[in-house]
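Peer 1: generate a structure from the sequence data that follows.
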Amino acid sequence: MPMPTEQLTARRPEIAPDELISSLVPPPRFDGVRFSTYVPNPDEPSQAEAVTACSAFAERVGGSGGAAKGWRALFGRGRKQADRPGLYLDGGFGVGKTHLLASIWHAVPGPKAYGTFVELTHVVGALGFGEAVRRLSGHRLLAIDEFELDDPGDTMLVNRLLRELTDAGVFVAATSNTLPDKLGEGRFAAEDFLREIQSLAAKFDVVRVDGPDYRHRGLPEPPAPYGDDELVASAENWPGATLDDFDALCDHLATLHPSRYGRLVDGVAAVHLRGVRPAKDQAIALRLVAFADRLYDRAIPVLVSGGSLGELFDEEMLAGGYRKKYLRAVSRLTALARDAVSASGARA
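Peer 2: Residues are numbered from 1 along each chain as shown. Take a look at the predicted model:
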C-alpha cells in the first residue's frame, strides 16, 4: 500500500551555534575510509604518490604534540618548505581527493575538525571571527573539503582565518579542483586580490592527484529519467523517501544557507525530483552543486523525472569559471542515480 511521502520543501533545518564546531566531522560516506582503503589507479602514479604524501603529513601532524607549540618561531625566517602548515590536494573530480582528506582526518588524534569550505565560512559568520578562531585554534588539524574562493570577501576572510589558526599551531589540509594560486580565477577580478591569494597559497604544499573520474570508469551511460507516474510510485513505496517538484526545491534551497543542506537531507532514504530541467541561472546552479555534494556525502540515491541530470547546467555555465564545480555535481548525481537503480532492483 502506498505510504505518505515526505517533502524536503517542508523541512526547515536549524543548527544551533554550539553544534557548529562539534558537527565538523567527515560525512557518513567517509566514516570508514582510510589510506589502506584507497585503491590507486595503476595507470596514474600520482595517486600512489598522493597516498604516501598524505600519510606522511598525517604522521607529522600526529607527532606535533598539538597546537600552540611555538609555531611562530617554526614558521619564521628560514622555514623549510616541508614545514608548511598546510597540505593541498589538487586534481580533477572523481580521483579520490575527499577520500584522502578524510583519511588524514581519521589518522590524526584530536581535537580536530572537518568541514566543507561553505561550512567553514558559515561557522565564522554564525560565531563571529574572534570566537571561531578561539574555538578552532586549540585543534590539531582543520580539514577543508571543496576549497573555493568565489568572491573577494571569502578570499580576505579565509586568508585571515588560516593565518590566525596556523600561527596558533593548527595544521590545515584541503582539497580543491584549483591550484591555490589560481583560486577565484574566472569568477571575480582575481588579479585585484593576487597578494591575498598568493599569501594563502604560500601556506600549502601542493600534492597533485591525477586520473579519470573513478565513479564512471567503464560504466554505462546514466539512467534515463523516469516518467512522472513511475517516479511517484517509487517514492510512495520507498520507506523514508522524499518527493519534490524540482522548481519548488530550487526555491526552497534559496531560503536556506548551504551549510544547512546536509541537515536538510539527513535520514532521507532516497530523493525523488519531479520535472527536472536546466538551472535557470547561476545562483540556482551553485545551490544545486552544494545540494548534490551533500546528497553524495550521505550516499542518498536520486531518482528524477523530466530532464536528464546531465543537462542541469547549460553550455554557457560549463564554459565559465564554475565549470569544475558543475562537472563534479553531474558526476556525483549520476553516480547517485545509478545507486537508485541498484537499490530499486534490490528492493524489487
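
Peer 1: roughly how far does the nearest residue to residue 238 once chain neighbours are set aside sit from residue 338?
Peer 2: Spatial nearest neighbour of residue 238, chain neighbours left out: residue 270 (5.1 Å); criterion: Cβ to Cβ, 6 or more residues apart in numbering. Using the backbone N, CA and C atoms, a C-beta is placed for each residue, glycine as well. Noted for residue 270: a distance of 13 Å to residue 338, by Cβ to Cβ, to the nearest Å.

Peer 1: have a look at the two and say which one is more surrounded.
Peer 2: It is residue 270, of residue 270 and residue 338, that has more neighbours when counted by other Cβ atoms under 10 Å, with 23 against 19.

Peer 1: how about the helices in this structure?
Peer 2: 17-22, 45-62, 71-74, 97-107, 117-127, 129-136, 152-167, 194-201, 228-236, 246-253, 261-265, 282-297, 315-318, 323-347 (DSSP state H).

Peer 1: which of those helices sits most buried?
Peer 2: Of all those, helix 97-107 carries the top mean neighbour count, a mean of 23, counting by mean count of other Cβ atoms under 10 Å.

Peer 1: one step back: how about the helices of the chain in CSV, adding distance to residue 308?
Peer 2: Output for the helices of the chain, formatted as CSV (distance: least, Cβ to Cβ, whole Å):
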stretch, distance to residue 308
helix 17-22, 37
helix 45-62, 30
helix 71-74, 50
helix 97-107, 25
helix 117-127, 26
helix 129-136, 40
helix 152-167, 32
helix 194-201, 36
helix 228-236, 14
helix 246-253, 12
helix 261-265, 21
helix 282-297, 14
helix 315-318, 14
helix 323-347, 9
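
Peer 1: least confident of these, on average?
Peer 2: Mean pLDDT across the helices of the chain is lowest at helix 71-74; the value there is a mean of 37.

Peer 1: distance check, the residue lying closest to residue 47 once chain neighbours are set aside against residue 256.
Peer 2: Computed as Cβ to Cβ, 6+ apart, the closest residue to residue 47 that is not its neighbour in sequence is residue 40, at 3.8 Å. To residue 256, residue 40 is 38 Å away according to Cβ to Cβ.

Peer 1: measure the nearest residue to residue 241 once chain neighbours are set aside to residue 12 for me?
Peer 2: Once flanking residues are discounted, residue 241 sits nearest to residue 270: 4.3 Å by Cβ to Cβ, 6+ apart. Applying Cβ to Cβ, the value for residue 270 to residue 12 is 21 Å.

Peer 1: contact partners for the residue nearest to residue 238?
Peer 2: By Cβ atoms under 8 Å, 6 or more residues apart in numbering, the residues touching residue 270 are 234-235, 238, 240-242, 300-303, 340, 343.

Peer 1: residues touching the closest residue to residue 13 other than its chain neighbours, list them.
Peer 2: Take residue 13 and drop its neighbours on the chain: the residue closest to it by Cβ to Cβ, 6+ apart is residue 263, 3.6 Å away. Residues in contact with residue 263 (Cβ under 8 Å, 6+ apart) are 13-15.

Peer 1: likewise residue 223?
Peer 2: By Cβ under 8 Å, 6+ apart, the contact set of residue 223 is 337-338, 340-341.

Peer 1: can you read off the pLDDT for it?
Peer 2: 86.

Peer 1: any idea how far residue 115 is from residue 123?
Peer 2: Using Cβ to Cβ, residue 115 is found at 7 Å from residue 123.

Peer 1: which neighbours do those two share?
Peer 2: Residues touching both residue 115 and residue 123 (Cβ under 8 Å, 6+ apart) are residue 24.

Peer 1: so who does the closest residue in space to residue 308 that isn't next to it in sequence touch?
Peer 2: With sequence-adjacent residues excluded and distances taken as Cβ to Cβ, 6+ apart, residue 308 is closest to residue 225, at 6.0 Å. The contact partners of residue 225, taken as Cβ under 8 Å, 6+ apart, are 276, 304-308.

Peer 1: and the buried ones among those residues, selectable in ChimeraX?
Peer 2: Filtering these down to the buried ones (16 or more other Cβ atoms under 10 Å) takes a single ChimeraX command:
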select :276,304,305,306,308
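
Peer 1: which two among the contacts of residue 225 are spaced furthest apart?
Peer 2: Using Cβ to Cβ, the pair of the contacts of residue 225 lying farthest apart is 305 and 308, separated by 10.6 Å.
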